[in-house]
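# generate a structure from the sequence data that follows.
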Amino acid sequence: MLRKLATIILAASLSLPYIPAAEAAPKKDFKICWSIYVGWMPWGYLSASGIMKKWADKYGISVEITRINDYVESINQYTAGGFDGCSMTNMDALSIPAGGGVDTTALIVGDFSNGNDAVILKDKAALKDIAGQKVNLVELSVSHYLLARALDTVGLAEKDITVVNTSDADMVAAYGTSDVTSVVTWNPLVSEIVAMPGAHKVFDSAQVPGEIIDLMVVNTETLKDNPALGKALVGAWYEAMALMTSGTPEGKAAKEEMAKASGTDLAGFDAQLASTAMFFESAKAVEFTNGAELPKTMDLVRNFLFSHGILGTNAPNVDVIGMSFPGGSTLGDAKNVKLRFDPAYMAQAAAGAL
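Numbers count the residues shown, from 1 in each chain. Next comes the predicted model:
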């Protein structure tokens with residue numbers, strides 16, 4: 001679940017020179033990167049199984065899919081032009097590539113966290129009891145965002161607690177110490193911690209559904225100049241989605257491969273899927289992307305980023321970066337749109353037009 005890592009090194013990432021990912025003329029060879037997370041495991045399977053090659057061949061292109069173990073590094077490399085597309089959350093898409101001036105399109109809206117992320121207290125069973133506590137989490141991550149949303153539901157704010165930046169690798173061990181009484185983290189760490197003595201899950205992402213969104217984004221100019229890339233990626237993705245939900249031996253084997261690649265077994269993978277609202281059907285992803293809630297969510301996200309100083313370099317106000325949504329609506333500076341939610345290719349998949 002490294003997708004949740006903080007954008008702590010954001011300033012460094014934004015100092016990287018931007019190398020355009022595409023020339024004006026169409027090209028044939030493309031590079032996509034991804035990192036370990038239950039909702040992104042299909043990308044590795046698409047590459048290993050040959051499904052991606054089949055769809056790339058259909059459109060006369062080649063697509064190289066690369067797993068990068070460090071989530072933030074994968075986004076940095078995409079932002080610097082090393083990849084044409086990358087898996088990332090809605091929050092990180094806005095803060096790093098869009099915040100760094102790279103015009104980016106959410107090509108595939110794959111899922112949203114629906115319980116994978118949680119606030120856990122030790123020996124306390126109510127969220128309001130977090131007041132005055134030190135809270136261990138990966139600072140400036142989606143966990144930090146979830147904490148802010150949780151606090152708001154009980155009339156508290158960050159000034160009422162103290163954030164203690166803690167690596168995800170150290171989170172379980174930290175909870176086991178006597179001086180750590182509150183953590184915010186993600187699965188599979190959540191499952192490990194709630195099984196420990198005194199642990200109470202007092203808030204999770206199912207209470208803010210649709211806000212922590214997992215995407216495959218691509219460089220907007222690359223997509224504009226090379227629609228074949230969008231068609232191949234989306235076609236391959238939804239073939240994998242259909243396989244995962246087919247109930248066939250082949251579908252089970254595919255999920256077993258994904259589970260193995262993520263360091264768990266099929267039961268563990270299915271447990272993670274259970275707290276992930278996957279859009280297995282393209283029509284559902286289109287409906288979500290077209291929905292009235294998405295702009296509201298992104299307004300919450302941009303305000304969180306701005307209040308924590310990570311909405312682009314020296315952002316003068318929350319409107320500095322523009323975002324566009326289906327139907328032509330925008331948030332922020334309409335003359336500086338850098339993050340676009342465009343369901344057009346997913347809609348083609350839903351219509352059987354790929």
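# drop to CA atoms for contacts and neighbour counts, all remaining ones
OK.
# the longest helix in this structure is where?
Once the chain is assigned using DSSP state H, the helix that runs over the most residues is helix 227-244.
# show residues contacting that one.
30, 42-43, 46, 51-52, 55-56, 58-61, 107-108, 223, 250-252, 254-255, 280-282, 345-346, 349, 354 (CA atoms under 8 Å, 6 or more residues apart in numbering).
# and for stretch 83-95?
Here stretch 83-95 has contacts from 3, 7, 10, 21-22, 30-35, 40, 74-75, 77-78, 104, 142, 212-219, 222, 298, 301-302, 305, 310-312, 339, using CA under 8 Å, 6+ apart.
# cool, and stretch 201-218?
So stretch 201-218 is contacted by 39, 84-91, 93, 104-121, 125-127, 142, 146, 149-150, 194, 294, 297-298 (CA under 8 Å, 6+ apart).
# any of those buried? List them.
39, 84-91, 93, 104-121, 127, 142, 146, 149-150, 194, 294, 297-298 (16 or more other CA atoms under 10 Å).
# determine the next helix or strand in the C-terminal direction from the helix or strand of the chain with the lowest mean pLDDT.
None of the helices or strands of the chain scores lower by mean pLDDT, DSSP states H and E than helix 10-14, at a mean of 42. Note on helix 10-14: by DSSP states H and E, the next helix or strand toward the C-terminus is strand 29-34.
# so what strands line up beside that next one?
With DSSP bridges as the test, strand 29-34 is paired with strand 62-67 (parallel), strand 85-89 (parallel).
# quick check: angle from the last one to helix 227-244?
With axes from the mean of the first three to the mean of the last three CA atoms, to 10 degrees as the basis, strand 85-89 and helix 227-244 are set at 50 degrees to each other.
# pLDDT on strand 85-89, on average?
In this model, strand 85-89 carries a mean pLDDT of 95.
# picking up where we left off before, could you dump the strands paired with strand 29-34 to a markdown table with distance to residue 229?
What follows is the strands paired with strand 29-34, written out as a markdown table (distance: least, CA to CA, whole Å):
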| stretch | distance to residue 229 |
| --- | --- |
| strand 62-67 | 8 |
| strand 85-89 | 10 |
